[in-house]
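Student: Please find the sequence and the predicted model below.
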Amino acid sequence: MIRMRARLLVLHVLVLTLLVVLAMRLWQVQVVRGQEFVTRATETRTRTVIVPAVRGQILDSSGRPLVRNKTALVVSVDRTRLSRMPDGGVKVLRKLSAVLDRPVAQLQQRITPCGPGIAKPCWTGSPYQPVPLDEKVDTREALQILERQEEFPGVTAEIHSVRQYPGGRAGAQMLGYLQPVTEAELEKREGLKASFSGVDLVGRDGLEYVYDEALRGKAGLRRVQVDRMGKALGVEEQTTPIAGDHLVTSIDSRVQNVVEKALARTMKAAPSADGGAGVVLDARSGRVVALASAPGYDPAIWAGGISARGYQRLMSEKSGKPLVSRAINGQFAPGSTFKVSSVASMLRAGYPLNGNYSCPGSVMVGGRAFNNFRGIPLGTLDLHMALVKSCDTIFYQAAFEQYTKDGGRSPKKTPKEVFANVARAFGFGSPTGIDLPGESSGRIPDRAWKKDLWNRTSAVNCERSRKGYPEIKDRARAEFLKRLALENCTEGFLLRPGDAANFSIGQGDVLVTPLQLARAYMALVTDGKVRSPRIGWAQVRPDGKVVKTIDVPVVGKLPLSEKERRYIKNALSQVPSDGTAAGAFAGFPMNKVRIGGKTGTAEVWGKKDTAWFASFAPTQNPQYVVVVMISQGGMGGSAAAPAAREIYEGIYGIKRPPAVPGGRLTTRLPAFAPDGTVARG
């Protein structure tokens, strides 16, 4: 009996102890850590899923897709959730490695945030954004992840739209590419933070960057009930995403392909060529019809994250920096194509339009001989024939005379600098304002520029004038550079007679971009108005409604009368038939389409010449302006002009089907059906 009571007492004590422990635990759970567990329970029951909007397409002038979307199964990883796991998510990545057939180390590298010393591919986006690991998974792989969600916490496999480029490499630099948004970019780009969904990609270059907000649309939201294993039980709330607008451009994809092929063939035929550009403008509207740069690259390389090797190739000097657009960023001496500005400068300085001028084989400028091409004298010429035959010495003399009137080495207080100011009126020396990012401004070297350059470089030049260039093995070149450094050290702030002479024929320190040259010629051969070219034509909603039409602004006017412009245009109209481009256009059916233009051959120290051809057609009522530039291509008449001929043959269908039937570009936007598809071009 006593033993029974003792057992009951022990049992009572044990029960009471358990009750006390249970009560303390309940108090801890409900009171001390109650809010924490409520929060955790809420998080467990509800998942907020951001639904990305479908990005708008980029279309050509007839509605053909330049950039479109395709659906793909995308596997993404929430690296924040993985980092909270005891092993840092290694176990999950190992299982994912087996499904995707990719090494664990590669997956870990892909989700590692980019930073100093971190090799690509790494994660450039926000640390709170899911990291896409594979954009090409098949249904079987996706099901393995979705059906065994308990083995893949933090991993999702969903259908996303990804960018596709039907034209391949054509216009890659112009179109741009997409990348995840970085935290720094969210702070930098005004308005982006408010509209950013957390999973969107953002345009980083080209049209994708400039029109990013319109193309991106607005993400939707879905709140989903899930069990503790992460499986969906139902939808609590859903906001439908708003698809981005389509961007209709003035690009004609058929002409773009013609230009790309002409550039490729021309560069292949010029063994030393290291880059090229082709620009085609609609002379009537100022819109861009084609914009090509070589070497190019396949923009699909950005999909799913670019490798370190791939990125290095895009930026490598050895591969020609294919990421850089030579059409808007390449700055080159324009050679004789610049003489249209010099003729205008002479007219504004008071030289007679119908005057006769001596074109000797050589002239003395500032005590130094400046020669015609190969030193050939061409007799007495008017300005018309000076352009057709590309006489240099006429322009040397005129530029030197104006330089002297401005005071020469001891300039007047307010020198007129006619040649420099007229060049600026043509649009040289400043960006065109095209709707692409990072455009270069070119360079018009006047007296102020010389002083500024001297202020920035005199210390280095003075040091080099003393120490020389011992690292250069070519003794003659090293000695030349040392003398040049001494000259720039002592009087580099002065505009010299030779600077003025070289300026007049587009040499020396003059730099232009192919697009700048194209718009200058467009103004010259049409109405004299300098326009800021545009690629974007209209923003169109997915249902086909036009949201916005993008105008081409007029930003200046040439300092020429209509009579003077017509005179210069008539001279240029004779160059392909009787002038420096006659060899390139031999046999071309001028009776069908008459071409006008100007060749340019610009010397570059230590390299082959830069070849240019700036042109327009038809000459009577220009529809197209075509500019071709081949870096280290040689002479303009033998390298750039043949490429331009091939472009015109492609456009007008000479010995081949025409890229533009009838040669006339469309003036109407493509029509869209109610479902957003293109009904007609």
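Tutor: Sure thing, it's come through.

Student: now the residue nearest to D212 when sequence neighbours are not counted, which residues is it bridged with?
Tutor: Closest residue to D212 apart from its sequence neighbours, by CB to CB, 6 or more residues apart in numbering: G203 at 3.8 Å. Every C-beta, even on glycine, is put in place using the N, C-alpha and C of the backbone. In this structure, G203 has the following beta-bridge partners (DSSP bridges): L178.

Student: G203 and P180 touch, don't they?
Tutor: No. G203 lies out of contact with P180 (CB atoms under 8 Å); the separation is 11.7 Å.

Student: tell me which element N461 falls in.
Tutor: Element membership for N461 (DSSP states H and E) is helix 447-467.

Student: Which of the residues in that helix are classified as buried?
Tutor: Under the neighbour-count criterion of 16 or more other CB atoms under 10 Å, helix 447-467 has R447, K450, L453, W454, N461, C462, R464, S465 buried.

Student: What helices and strands are in contact with the helix or strand following it?
Tutor: On the C-terminal side of helix 447-467, the closest following helix or strand by DSSP H and E is helix 475-491. Contacting helix 475-491 under the criterion 3 or more CB pairs under 8 Å, 6 or more residues apart in numbering; DSSP states H and E are the following elements: helix 447-467.

Student: now the angle between helix 475-491 and the helix it packs on, please.
Tutor: Our comparison of helix 447-467 with helix 475-491, counting by axes from the mean of the first three to the mean of the last three CA atoms, to 10 degrees, yields an angle of 130 degrees.

Student: starting at the chain centroid, how far to helix 447-467?
Tutor: Here helix 447-467 is found 32 Å from its chain centre; the criterion is CA atoms, centre = their mean, to the nearest Å.

Student: which other residues reach that helix?
Tutor: By CB atoms under 8 Å, 6 or more residues apart in numbering, the surrounding residues in contact with helix 447-467 are 411, 415, 417, 443, 481-482, 485-486, 488-489, 492-495, 499, 509.

Student: I'd like to know which of the residues you listed is nearest to A344.
Tutor: Checking the contacts of helix 447-467 against A344 by CB to CB gives E417 as the nearest, at 14.0 Å.

Student: what's the closest non-adjacent residue to the closest one?
Tutor: Ranked by CB to CB, 6+ apart and with sequence neighbours excluded, the top spatial neighbour of E417 is D446, at 5.4 Å.

Student: what kind of secondary structure is R309 in?
Tutor: helix (DSSP: H, G, I helix; E, B strand; the rest coil).

Student: hang on, the earlier thing: for the residue nearest to D212, give its distance to C462.
Tutor: 46 Å (CB to CB, to the nearest Å).

Student: re the thing from before, dump the buried residues of helix 447-467 to a markdown table, plus pLDDT.
Tutor: Shown next, in a markdown table, are the buried residues of helix 447-467 (pLDDT from 0 to 100):
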| residue | pLDDT |
| --- | --- |
| R447 | 95 |
| K450 | 94 |
| L453 | 93 |
| W454 | 91 |
| N461 | 93 |
| C462 | 94 |
| R464 | 92 |
| S465 | 92 |
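
Student: Can you pick out the most distant pair from those residues?
Tutor: Taking CB to CB as the measure, those reach their widest spread between R447 and R464, a distance of 23.6 Å.

Student: Quick check: pLDDT value at A294.
Tutor: As predicted, A294 sits at a pLDDT of 95.

Student: Now list the buried members of the contacts of helix 447-467.
Tutor: In terms of neighbour count (16+ other CB under 10 Å), the buried residues within the contacts of helix 447-467 are 415, 417, 481-482, 485-486, 488-489, 492, 494-495, 499, 509.

Student: Among those residues, name the least confidently predicted one.
Tutor: Among the buried ones among the contacts of helix 447-467, G492 has the weakest pLDDT, 86.

Student: Apart from its neighbours in sequence, what residue is nearest that one?
Tutor: Using CB to CB, 6+ apart and skipping the chain neighbours, the partner closest in space to G492 is W454 (4.1 Å).

Student: what's the domain layout of the chain?
Tutor: 70-159, 253-320+521-663, 337-504 (automatic domain parsing).

Student: Figure out how far the strand or helix carrying Q312 is from the centre of its chain.
Tutor: Using DSSP H and E, Q312 falls within helix 308-315. Relative to the centre of its chain, helix 308-315 is centred 17 Å away, using CA atoms, centre = their mean.

Student: next one: stretch 416-428
Tutor: Stretch 416-428 has its C-alpha centroid displaced from the chain centroid by 27 Å (CA atoms, centre = their mean).

Student: isn't there a helix covering A643?
Tutor: Yes. With the criterion set as three-state DSSP, the secondary structure at A643 is a helix.
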